[in-house]
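Undergrad: My questions concern the predicted model and sequence given below.
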Amino acid sequence: MPSSVQDIMLIGGIPALISFQVPRALFRGVFVGLNAEVDFFASTVAGLEPQGQAALRSFFTLCQNNRRSPLRLSEDGQKNYLLEEIYEQMVEPARRCGIDLYDVVREQVQSFQPGGGDAAPAILLSL
């Protein structure tokens with residue numbers, strides 16, 4: 001089933017826009033709110049989660065090695081992160097799906113911390 005442009009997958013607490021690349025017959029995820037474009041591909045929706053986790057872990061390691069924040073600052077001139085604004089827009093659609101966005105984010109972020117244990121499952125939202 002092809003994914004729409006408005007499908008979002010939360011992996012590690014970071015939203016990724018999911019689209020279907022027709023010519024290549026692949027699903028593509030692009031994380032939003034990060035200070036670089038981090039994307040990942042899979043032939044199935046189920047395959048996106050491990051690919052996204054691997055891409056996110058690699059990006060976090062790169063940022064840590066370069067001593068830079070992985071998060072993009074908001075463009076409104078404040079010291080807020082763009083990710084905070086994205087979360088605000090996702091709270092209500094997630095609630096309508098029976099999901100407490102911040103509980104999911106807290107659970108997923110823990111698994112990306114040192115000693116955090118197994119990765120929390122990704123969440124797919126159609127917005």
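TA: Received it, and whenever you're ready, just let me know what you need. Numbers count the residues shown, from 1 in each chain.

Undergrad: from here on, contacts and neighbour counts on C-alpha atoms
TA: OK.

Undergrad: Give me the sheet partners of the longest strand along the chain and which way each runs.
TA: Ranked by residue count, the top strand of the chain under DSSP state E comes out as strand 14-21. Applying DSSP bridges to the sheet, strand 14-21 is found paired with strand 7-11 (antiparallel), strand 26-31 (antiparallel).

Undergrad: Confidence-wise, which of these is weakest overall?
TA: Among the strands paired with strand 14-21, strand 7-11 carries the lowest mean pLDDT, a mean of 93.

Undergrad: can you pull the contacts of the closest residue in space to Ala119 that isn't next to it in sequence?
TA: Residue nearest to Ala119 in three dimensions, not counting chain neighbours: Ser111, with 4.8 Å by Cα to Cα, 6 or more residues apart in numbering. For Ser111, the contact set (Cα atoms under 8 Å, 6 or more residues apart in numbering) comprises Gly12, Gly117, Asp118, Ala119, Ala120.

Undergrad: Compute the number of surrounding residues for the second one.
TA: Neighbour count of Gly117, defined by other Cα atoms under 10 Å: 10.

Undergrad: Then Leu101?
TA: Neighbours of Leu101 (other Cα under 10 Å): 19.

Undergrad: what do you get for Leu17?
TA: 20.

Undergrad: can you pull the pLDDT of it?
TA: If you check Leu17, the pLDDT there is 95.
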